[in-house]
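I'd like to go over a predicted model; first the sequence, then the structure.
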Amino acid sequence: MDFDEQLAAGEAVSIDGWDFSWFVGHATEERPSWGYSRMVADRLGNATASLDIETGGGEVYAASLHAASTRPPRVEATEAWPPNLAIARATIEPFGGRVAHVENDAPLPFDDATFDLVISRLPSVTPWHEITRVLTTGGAFISQQVVHGTNRELYEFMMGQQWIDPISAEHHLSTGAREAGLEIVDFQQESPRLEFFDLTSVVVFLRKVVWTVPDFTVEKYRDRLRAMYEHILEHGSFVSYGQRALVIARKP
């Protein structure tokens, strides 16, 4: 496909939910070595009540629930984006779960000390004090976070040089947890490789992962997309590196 055909194809792909299976054959992304879904599945097997914050389409939560040795008697999730709600409910309800419509910066609609396991994968906001409030004593919070500088190669290709945070992700996340009364049990950070093999995949990614280039539209970035198209033609792909952090915290 030529440049315009790839742009049109990228705009035609649905971006609802948090399923990235469309990218197979178009792009590849390494996964962090800690295995978030497997780790959560192990914890779910011993939980009595679990909550997934910003569940997206519920796909990752459902995969962990499916893999768990036993499922918690109470399974809850929150999601802010209306198009994802129906997808998440259809995905999680077969596991006896419920999904509440909650804005990302709003209080969680649950009583104090309700959950012994709270999880969140790639949250846009981490409501530390609310997490502490709804956790039981001894309860755990597990989160895989997108941290500053993720896919810098991609967003700086599109937008030019951007501000670099001099404070580490570990400091930001550990401070947020401790100030809310949680103890950090584990912190890890890795830079998984992301490789795009066509312009269509770049367009879909930027439409779907909206924080990468916050004001992205095909029309606004048409010139940079043309440059990306030519880069991929010349080099065979475009390579970028994510920044992922694992945080495990406990309520003492």
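Perfect, I can see it now.

tell me the contacts of residue 117?
Taking C-beta atoms under 8 Å, 6 or more residues apart in numbering, we find residue 117 in contact with 43, 44, 47, 49, 50, 51, 72, 139, 140, 142. All C-beta spots, glycine's among them, are computed from the backbone N, C-alpha and C.

Does the fourth one touch residue 74 like I think?
Yes - Residue 49 is in contact with residue 74 according to C-beta atoms under 8 Å; the separation is 3.9 Å.

Which of the contacts of residue 117 has the largest number of neighbours?
residue 51 (29 neighbours; other C-beta atoms under 10 Å).

give me every residue that touches the nearest residue in space to residue 110 that is not next to it in sequence.
Leaving out its chain neighbours, the residue that sits closest to residue 110 by C-beta to C-beta, 6 or more residues apart in numbering is residue 134, at 4.9 Å. Going by C-beta under 8 Å, 6+ apart, residue 134 touches 51, 108, 110, 111, 112, 113, 114, 115, 118.

Among the residues you listed, which lie within strands?
Among the contacts of residue 134, the ones falling in strands (DSSP state E) are 51, 115, 118.

and those residues as JSON lines, adding pLDDT and distance to residue 207?
Output for the ones in strands among the contacts of residue 134, formatted as JSON lines (pLDDT from 0 to 100; distance: C-beta to C-beta, whole Å):
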{"residue": "51", "pLDDT": "98", "distance to residue 207": "29"}
{"residue": "115", "pLDDT": "98", "distance to residue 207": "33"}
{"residue": "118", "pLDDT": "98", "distance to residue 207": "29"}
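
Check which helices and strands the lowest-mean-pLDDT helix or strand in the chain sits against.
Across the helices and strands of the chain, mean confidence by mean pLDDT, DSSP states H and E is lowest for helix 82-92: a mean of 94. Judged by 3 or more C-beta pairs under 8 Å, 6 or more residues apart in numbering; DSSP states H and E, the packing partners of helix 82-92 are helix 59-67, strand 74-79, strand 97-101.
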